[in-house]
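> can you look at this prediction? I've put the sequence above it.
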Amino acid sequence: MKRFLHFLIIYAVWLLLTWSLDWQELLVGVLVALFAELLLGDIFPVEGVRVFHPRRFFWLFVYFWVFIWAMIRSNFDVAYRVLNIYLPIKPGIVKVRTKLTSDMGRTFLANSITLTPGTMTVDMIGDHLYIHWINVQSPDIQKDTEIIVRHFERILERIFE
Amino acid sequence: MATKPDIVIADGPKGMTPIVKTVVRFAMGIIFMFGWYIVLYGHLTPGGGFAGGVILACGYVILTLAFGKELGLRKMSDMAASILDNTAALLFAVVPMFGFLFGWYFLNFLDKGRPFQLFSAGNIPLYNIFIGFKVTASLFAIFMALSIFGRFVSKLVDEEEEG
Amino acid sequence: MQGLYPLFTVIPLAAAFLNLLVTKVNKKAADYIAFIVATVLAVMAVRMLFEAPFSYRVGGWPAPYGILLVSDGLSAVMLAVINVVSVLSIIYSFSYMNGYTAKPKYYSLFLLMIAGMNGVVMTGDFFNLYVFLEIASIASYALVGFGTEHEELEASFKYLILGTVASTAILFGIAFLYSMTGTLNMPDLARQLDPMSGTVPFNRALAFVIALFIMGFGLKASTVPFHAWLPDAHPSAPAPISAMLSGVLIKALGVYAIARVMFSVIGPNAMVSSILMFLGALSMVVGVFLAVGQSDFKRMLAYHSISQMGYVTIGLGLGLNPNVPPAIAALGLFGGLYHLVNHATFKSLLFLCSGSFEYRTGTRNRYEMGGLMRKMPVTGTACSIASLSISGVPPFNGFWSKLVIITAFIQAGYYIYGAIAVLVAFMTLLSFIKLQRFVLFGALPKRFAAVKEAPFSMTLPLVVLAILCVALGVLYPFVDKGLIEAARQTLLDKMSYMGFIIGG
Amino acid sequence: MNVYIGLLILCIFMCLYRVGRGPTAPDRTVAIDILGTLVVGFCAIWSIITKRDLYMNIAISWSLLNFIGSLALAKYLEGRGFDE
Amino acid sequence: MILYFLTLVLFVMGVYCLIAKKNIVKKIIGLVIIDYAINLFIILIGYRRDGVAPILFKDMSMDEFARHSVDPLPQALVLTSIVIGLGVLALQVAICLRLYEKYKTFNMSEINRLKG
Amino acid sequence: MHELLSIIIVPAAAGIVPIFIPRRWKVVAGVYALAVAAWVLLRSVALYGGGDAAWAKFLFNLGGQLPFVFGLRLYHFSAFVLLFVAIFAVLSILYSIGYLWSKDKPSLYYSFMLWTVSAAAGVVLADNLLILLMFWEILTAILFFMTNMGEKGHEKSAAKAFTVLGLSDAAMLFGVILIWATKGTLTISGLSVSTGDPIGTTAFVLLFIGAITKAGAMPFHSWIPEMAISTPASIMAFLPASLDKLLGIYLLARISLDIFAIRAGSGLSLMMMIVGAATIIFAVLMALAQHNLKKLLSFHAVSQVGYMVLGVGSGIPIAIVGGLFHMLNHAIYKSSLFLEAGAVEKRAGTTELDELGGLARLMPVTFITMAIAALSISGIPPMNGFASKWLIYQGMLEGRHVVFLVVAIFGSALTLASFVKVIHSVFLGRRPERFAGVKEVDFSMQLPMIFLAILCVLFGIFAQYPLERFIIPSVAGGELVNISMGNIATVPTDGFWSPGAATAFIVVGIILGLLVYAFTGRGAYRTDENVWIGGNVMDSEEIRVPGTHFYKTVTDDLGPAVKTLFADGDKGAADGYNIIGRIGDGFVQLLRAIHNGNLSTYLAWIVIGLGILSFILIFKL
Amino acid sequence: MSETIGYILLTVGIVFDVLGCIGLVRLPDVYNRLQAGTKCVTLGTAAILLSVLFFTGFNAISVKALLCIWFILITSPTAAHAISRAAHRSGIRLWKGSVLDRYAEDREGAEDKP
Ligand code: NA
Ligand code: NA
């Protein structure tokens, strides 16, 4: 099942790339996608296909906009700090805990954090994330977790757990 | 060892952080497909065998970087690489010989098809495929061969210019 | 037969890879594949001598769009030389290379080298010239370093760097040429650069291109001052490879390329001619003096290659000279080509002999050897014949070619060059007398008491080459008829070379 | 369009400044990584100008190469062999 | 024209690096720079203002293509020379590392057993 | 097969046989070789009677333009030289049969002998300069291999000989090609080159160098003494002493009188005469300084060549005749001397003058024959050496070359002195004990010595016969120069003094020589009885004063210049070989220093080279 | 209409790119530079790629552009993470003005324990 979905994903991307419905392209696409699947299907993360469940997919959609919004905010934040003559920054690396268990979820979380205001994931050990924060507000794990992780985590749970 | 499925190796301690690993696992299939896309469309868009081969080789390199040598070699062993390499080159040299049957060496004897179809330009896609295989195999082989000397790489930069 | 012309590059290429595949199954197969392929090629090449001139359009595309292969007197002669020497070296390798691991790789590189050289002498456009040149060069870099000992690696690296610089210069020149004419097809270029009917005048850009070519191909031909890699590289390679490098590679990639470019494409030019003659004389003198000072057998031979290639270069230079009567120019060019062929025979023979001596005695220092004539009669005799040939002693082949060159120069009124040629011949004789004295005659060291003659597969090529040395000298009249024709074709038939652009 | 291209080139020069200036190896790495992303943007603009999709192929390939480069450099910075 | 000049500068830099630097690796880098300079030069030769890549695409007539497309041959040449350059580079690095194994140094001036 | 061709090919082919004759049948090989040589002798006698002959075959056009004709030509001069080549071949092979008894590889030796005959015949008969040169070089190569057959230390002398000869051959090659390229033909007959233009002059000088190197005149003489020590005497007697003289002077006469007609008083003629005179005087001085018999003889061989060069080079008919006659005579007495030296070496086991002594009674034949040869080389009447030298003196007188005359006479005076010394220290003087058992050599060796001695006497007393029979016809009839018996009526044909200033000079020369000996040889008289010194008997070995002592006086008394000459002479500083060698070596070391194995250096060469090339090509369009 | 959107997106993208690069130049240490660079340049480039959609319409080009967006959105933060981690592990300290470094503390602790 998982592998078939993986095959489908690849095939879909192929169709987008070739952007035509000529029988030759369809045929070759099948071959290529099959080849890719057989070669690499086994390391494809299973959560990658879970998202096709309608409910999860809906939350993915939601997450997408949340994420975009955060990202835009983050950019203006950076713009502010960079353009300001006095460089108003108070950087440091803080530690936060995540409730997510799946690799996929954690990866999404980490990358989302990296792309959102003033924070960047430096490392992830166990369920702890080390985050470089351009403007550290408190050294306390709980509070940082609230500020940085929570609003993503809530949605990501629904998608990947 | 040989029985151990790749997924286990992928989750193993070697290689980079779970974040990187997950991303690579997630994107790998599509990268691979993209490489073949470039190869197969070589006669319609630029690139072709060589560029596509480079991308495919890069795919293997990413695997090696993210999961360590073992998985990379599992996906393409030294033996496989050299065989693939040589077979591709051999075919590339031999297939045009059939052109002699039709008069000229390298004669493009297959059906040319309509322009802008995938199966147009007769033999050329064939050659692109051979080149693709060859470039993939040999580049990956080179990477592996050089990565064995990884120890030197640091020295190679540390060594100070004399005079 | 003409229809199969491309096979000269295709077969060795295919065999090189087939080799690596098959030897995964059976180790011994490499020997047979290499041998069969080389033999077939040699036979075909000799056959081709009687087919030239013709041209071949790869893929059937009309020139100048397609890839053009050309066979005229020059290419035919080169092709024959290359493939004959190759098959002999490969036979020699059977026993000689047993010492090395990775014998299959060795054969594959060897075949690649052959493919590259054949391609260079066959091709009719600069694009493929460059590609094949690089194939052959890369194979030779790898083969020089094949022993992976200190010296081998060092030599290989130096050769690699210098050779790459040369290739870059050549590529640069080709690009320049293209930017001026918009084509890389040699006959087409010849037509455009022709002073009479051409569209492109002989401007300074073209002069710079010529300089680049002289430097690039001159380095491949080990012309002083671009020679420094050769005395390191040639001795470091395994003996059969040394024979190939000195015997044919520097000719195919260097001299042939220069001749083809200067004669067929750019055409006679006083300045180029005088430069080539000067460089040739310089190479002759420098090479032979350095050779006299060597104690390492193979290194000495390598330096002699430099000086002997000087003869070839100087001959070509005279051929390029528009100010001397065509007959004399042809004589000079003929001398150069003839010496090229002769050098291929006796220099590869000498290197193979040095290999046999090293194979049995384990040393290359000629002062440590001695009295080997009694122990290894066949090798010793072959070595003597080759020495006499290279030193220009009648009636061996070397004498005639040097005679022709000197005569041509005196007829053309270049007495100094003639005198230099004579003196260098004498110096060559000297250094080979020393060789005879220390290696073949003289007292046999105790530790070589048990030395035996080399195995059959290593003596056979020696015998064949020795016979060639004698035959090419004694049968001079026939050689004259054969080669002078090639020379004339190269020199005077620029028109007909342009004619190849129509193809067919 | 020229304005945009000019600005992009400006960005590229800023990155080059960082590449040259350092001071540490990671700084250079970062600069190179970002340079790659800028090149992708450049390809996009070019494909807008020429209306050809081949530049998008280049863009994708480039972002892939950039990713590999960053990973490799990261590994190198950690002082580990590429195959570990 | 300025581009040609920049190519020349690149070329000279490469030559300098190749000759003046003693470290093998830097010599190799110098060669690579030279190689790039040449490739750039060839590309410039093939470059044509408002030129398009030499690939036919669907909504383009043949003669328009002929007028606009840049010369395909330099691109082929560049591609080939890149491939060859890659091969040479691999060989260089391999030999250079083996040299390091043997001589325990990257200093070329210490690697001269062969002289005279 | 044509008769001329057969003379070259038969010995060449026959020479292959001895290789397969097993070692223990040396004598068989020797006899076989003797037979072949005899055949050649007979043929050449027949040819000599037969008058002129020619044979030619067109081979090819070099590069389609220069015709190459394999031509052979026999006329009086060549027939005469060929005849004596054959005679000396027979003699030395006959001698070798006995001499080589103990030597190694005799069979190959005989092959070389026969091949030498063939090559020499080729040189003499060739009507094509290049063919001539090829046989010439074959002779050089054979010499090299034969010297390599000698005892220890032979490689060095062989290599040196080969170097010098090879260089001269290279010079000749260049000269020949100069002629070919400018004249378009190689056929000697009917080839005449004027020495007016530089090309002609250069060509002549080059060929001249080739000729006198083979003959062994200064400054290209040094290979002969080097060889003399380690080379078997039979080889020395055959090749350097007789054959090379014959051929060298043959070629000299050929070029200077036939191809380039050098006329008397011209610059080139003067050059040749100076070379000749210098050779005479310096070589004889070196000879005086020698301890080793063979080496001494070889220096005399050099010095005598001086007379021939002087005579032939002068361009004066009578002197030319004298020079050629001296060539013949020299071949006779000098090979004789070497054969005797060989005999002494074979019996006494050494040729060191200091060790020898008192062999006269033990080896009478050797003693007498050597004495005769010595007299004749010193130009004492009525020996043949006198007759030919005498003609040369007369020529000098005719040409008013007083200086050369004096030099020539002083030369023979010193020759005389040095041979008195030789006779004294080898055959007279006190005999060391260990020579007690020495016997005369066996007959096969005696025969040639005797024969040659007789020739010495006969050609002296009845000089007119060889002159009329051999020399004059060779030069007469426009072959070389117009000359007939009439011009040289004053030759002392009956061995008596004839009036004339020359006679006075001869007398002066003899007296001078004896004075030199008497003055310098004082201490050399031996005392027979044991001498008491401080009451105990000294071993007579120690008080025996070797005859060579007196040469020290020469070296001391003849002034510092000569002294330095001797001082360096042994180290070989005076010898061009070493000088050129040193220069060349310096050049080699320089070049090797430049190739310092540093990659950057090589790259710099390339870049600079490219720069220069571009500059030349771009700005010197 | 879509042209205008395209230009707007393009402008935004370029602006963010410039900002990111300014940050790259101005900010004190490698971690801050990463922050600025990664965020802005990623978004900027994504915007540029998106603008392709509005310039060329929905066709092969824009599809590939979207594919490219997806790709850089997942790769560039990953790369940033890898680099920053590597930088920290290769011993690059934080800027002197930084307030705390839990990562360093924990790693030193981990190293002390065994
Ligand atoms: Na030489
Ligand atoms: Na030579």
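On my side now, so go ahead. Ligands and ions are numbered 1, 2, ... in the order given.

> most centrally placed residue in chain G?
Centroid check for chain G by C-alpha atoms, centre = their mean gives residue G:38 as the closest residue, at 1.4 Å.

> would you confirm that that one contacts residue A:120?
Yes. Contact between residue G:38 and residue A:120 holds when scored by C-beta atoms under 8 Å: they sit 7.1 Å apart. For glycine as for every other residue, the C-beta is placed from the backbone atoms N, C-alpha and C.

> who touches both of the two?
Common neighbours of residue G:38 and residue A:120, counting by C-beta atoms under 8 Å, 6 or more residues apart in numbering or on different chains, are A:114, G:80.

> how much space between residue F:1 and residue F:78?
Residue F:1 sits 19 Å away from residue F:78, going by C-beta to C-beta, to the nearest Å.

> these two: which is more packed in?
The neighbour count for residue F:1 versus residue F:78, taken as other C-beta atoms under 10 Å in any protein chain shown, is higher for residue F:78 (26 against 10).

> for residue F:107, see how far away that one is.
Residue F:78 is 31 Å from residue F:107, by C-beta to C-beta.

> who's in contact with the nearest residue to residue F:359 once chain neighbours are set aside?
Nearest residue to residue F:359, sequence neighbours excluded (C-beta to C-beta, 6 or more residues apart in numbering or on different chains): residue F:427, at 5.1 Å. For residue F:427, the contact set (C-beta under 8 Å, 6+ apart) comprises F:358, F:359, F:360, F:363, F:367, F:370, F:371.

> the fifth one should be in a helix, yeah?
Yes. Assessed by DSSP: H, G, I helix; E, B strand; the rest coil, residue F:367 belongs to a helix.

> residues near it, how many?
Residue F:367 is flanked by 21 other residues according to other C-beta under 10 Å.

> how much space separates it from ligand 2?
Relative to ligand 2, residue F:367 is positioned 52 Å away (C-beta to the ion, to the nearest Å).

> next one: that residue from residue F:384, what distance?
The gap separating residue F:367 from residue F:384 is 20 Å, by C-beta to C-beta.

> what packs against the host helix or strand of residue F:422?
Per DSSP states H and E: residue F:422 is located in helix F:402-426. The contact analysis (3 or more C-beta pairs under 8 Å, 6 or more residues apart in numbering or on different chains; DSSP states H and E) places helix F:402-426 against helix F:267-288, helix F:293-314, helix F:364-377, helix F:384-399, helix F:501-520, helix F:549-557.

> mind checking the pLDDT average for that helix?
On average, the pLDDT along helix F:402-426 is 86.

> show me what counts as buried in that helix.
Neighbour counts over helix F:402-426 (16 or more other C-beta atoms under 10 Å in any protein chain shown) mark F:404-426 as buried.

> tilt between that helix and helix F:364-377?
If you take axes from the mean of the first three to the mean of the last three C-alpha atoms, to 10 degrees, helix F:402-426 sits at 170 degrees to helix F:364-377.

> report the contact partners of the spatially most central residue of chain D.
The centroid of chain D falls nearest to residue D:36 when counting by C-alpha atoms, centre = their mean (0.8 Å). Going by C-beta under 8 Å, 6+ apart, residue D:36 touches D:62, D:63, D:65, D:66, D:69, D:70.

> of those - the most surrounded one?
Of these, with other C-beta under 10 Å as the count, residue D:70 tops at 28 neighbours.
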